[in-house]
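# Provided below are the primary sequence and the corresponding predicted coordinates.
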Amino acid sequence: MPEATGPIGIAGAGAWGTALANAAAMAGNDVILWMRSPEQAAELAGTRMNERFLPGVRLLDRISPTADLGRLASCCAVLLVTPAQTTREMAEALSPVLSRKTPLVLCAKGIERTTGAFLCDVVEEVRPGAPVAVLSGPSFAHDVARGLPTAVTLACRDAALAEDLATALSGPTLRVYHRTDVRGVEIGGAAKNVLAIACGAVAGRGLGESAKAALIARGFAELLRFARAYGGEPETLMGLSGLGDLVLTCSSAQSRNFSFGLRLGQGASAETASEGKLVEGAATASALVALARAKGVDMPIAEAVEQILSGAWTLDQAVDALMNRPIKSEH
Ligand SMILES: NC(=O)C1=CN([C@@H]2O[C@H](COP(=O)(O)OP(=O)(O)OC[C@H]3O[C@@H](n4cnc5c(N)ncnc54)[C@H](OP(=O)(O)O)[C@@H]3O)[C@@H](O)[C@H]2O)C=CC1
Ligand SMILES: O=C(CO)COP(=O)(O)O
């Protein structure tokens, strides 16, 4: 990354984009925070608050909110923090704005639903040869924005760039580790959301803490199998962006994926359980399961989530199906 040659750009001013803007500013960077709505940009510039997505958190002075995508042209790196399913359209919009050398850091967690493509591959299709990185790990936006201690992983195939980006974004309360295993890091983030829906459903149905722990452990086995089949390194999945994020998301009602599952478990329909919030696991489940099937990877928990979301199974049928699988060796 060209050192200190410009501000950090953030595309997307939802909860995570806003939290990352504050974290990047706290790490000593000027930050340009882009959002699509000029009204929202004016409000953020005036009040220095993002009440809709991150209530109670003040934007640091080094952050410039804008609705002008062209302002990101001056940035030394841009973090893309819009929902996973908007990655292609955002990469296409950013492509003419950014220099070929500007790294795009993907912060969404998911798989493109319509094509089954990993998000890095989507971006490489749109910006062939331009640097792409992934930031993922256990990190609730509210925790990061409140300056609570958090650790995440940033992966880029270019090891030196991964280190530069991790260093630039690390601050007093956000610690960014770096890796070159882009695929492993993005798989961890995408798959844990689907598994968190299952954990939430178990909690919502009152099936007990033991069942939840079993789901986390067996879900992690699924994650490892899937990652191995698609070229992720097992060590990555054992780290922050795999096990770390799986445990966080599967055990807290702060997670939108877990809460969505919780409401499913309490009897809500898949249509109403999101309560209008972004639930990345629901958007990614069918693509994850299709990719698993294509390589013969056994992912019974992810399959059960997909069957519930598609309306093919009730939650009770899913539990029966999981409990009545043939007895086998654990590993
Ligand atoms: N929240 C968290 O704790 C964390 C979230 N993430 C990941 O970050 C990603 C974003 O999540 P989060 O910020 O929480 O989501 P939010 O729902 O809080 O915000 C989504 C943002 O994306 C914008 N957006 C939606 N669609 C488009 C589009 N088509 N073009 C441009 N902008 C768009 C929204 O703008 P508008 O208001 O105009 O619709 C909004 O600013 C997800 O993939 C999530 O998994 C990762 C780690 C932590
Ligand atoms: O990814 C997250 C924490 O690491 C946020 O999870 P949710 O999208 O489920 O809220």
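Now that the structure is in, tell me what you want to look at. Numbering: from 1, shown residues only. Ligands and ions are numbered 1, 2, ... in the order given.

# mind checking the SS state of whichever residue of the stretch 201-331 of the chain sits closest to ligand 1?
In the stretch 201-331 of the chain, the residue found nearest to ligand 1 is residue 278; the distance is 3.9 Å by CB to the nearest ligand atom. Placement of C-beta: from N, CA and C, glycine included. On the three-state scheme (DSSP: H, G, I helix; E, B strand; the rest coil), residue 278 is labelled coil.

# who touches the closest residue to it other than its chain neighbours in this structure?
Excluding the flanking residues, the one nearest residue 278 by CB to CB, 6 or more residues apart in numbering is residue 83, at 5.6 Å. With contact set as CB atoms under 8 Å, 6 or more residues apart in numbering, residue 83 has these partners: 108, 110, 278, 280, 283.

# closest to ligand 2 among these?
Nearest to ligand 2 among these, with distances taken as CB to the nearest ligand atom, is residue 280, at 5.6 Å.

# need the contact list for the closest one.
Neighbouring residues of residue 280 by CB under 8 Å, 6+ apart: 83, 84, 108, 109, 110, 190, 193, 256, 257.

# and for the helix or strand encompassing residue 42, what's in contact with it?
Here residue 42 sits within helix 38-47, counting by DSSP states H and E. The contact list for helix 38-47, computed with CB under 8 Å, 6+ apart, reads 13, 33, 35, 50, 52, 59, 64, 65, 66, 67.

# next helix or strand past it?
Using DSSP H and E, the next helix or strand after helix 38-47 towards the C-terminus is strand 63-66.

# off-centre distance for that next one?
23 Å (CA atoms, centre = their mean, to the nearest Å).

# so, in contact with ligand 1 or not, that strand?
No - judged by CB under 6 Å from any ligand atom, strand 63-66 stays clear of ligand 1, getting no closer than 11.2 Å.

# tell me which residue lies nearest the centroid of this protein.
Centroid-nearest residue in the chain: residue 109, 2.6 Å away (criterion: CA atoms, centre = their mean).

# wouldn't residue 108 be in contact with residue 118 here?
No - taking contacts as CB atoms under 8 Å, residue 108 lies outside contact range of residue 118: 11.4 Å.

# output the lowest mean pLDDT helix or strand found in the chain.
Sorting the helices and strands of the chain by mean pLDDT, DSSP states H and E puts helix 315-323 at the bottom, at a mean of 90.

# mind saving the C-alpha coords of that one as CSV?
This file holds the C-alpha atoms of helix 315-323, laid out as CSV (Å, rounded to 0.1, in the frame of the first residue of the first chain):
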residue,chain,number,x,y,z
LEU,A,315,-37.5,-26.8,12.8
ASP,A,316,-38.7,-30.1,14.4
GLN,A,317,-38.1,-32.0,11.2
ALA,A,318,-34.6,-30.4,11.0
VAL,A,319,-33.8,-31.5,14.5
ASP,A,320,-35.0,-35.0,13.8
ALA,A,321,-33.0,-35.2,10.6
LEU,A,322,-29.8,-34.1,12.5
MET,A,323,-30.4,-36.5,15.4
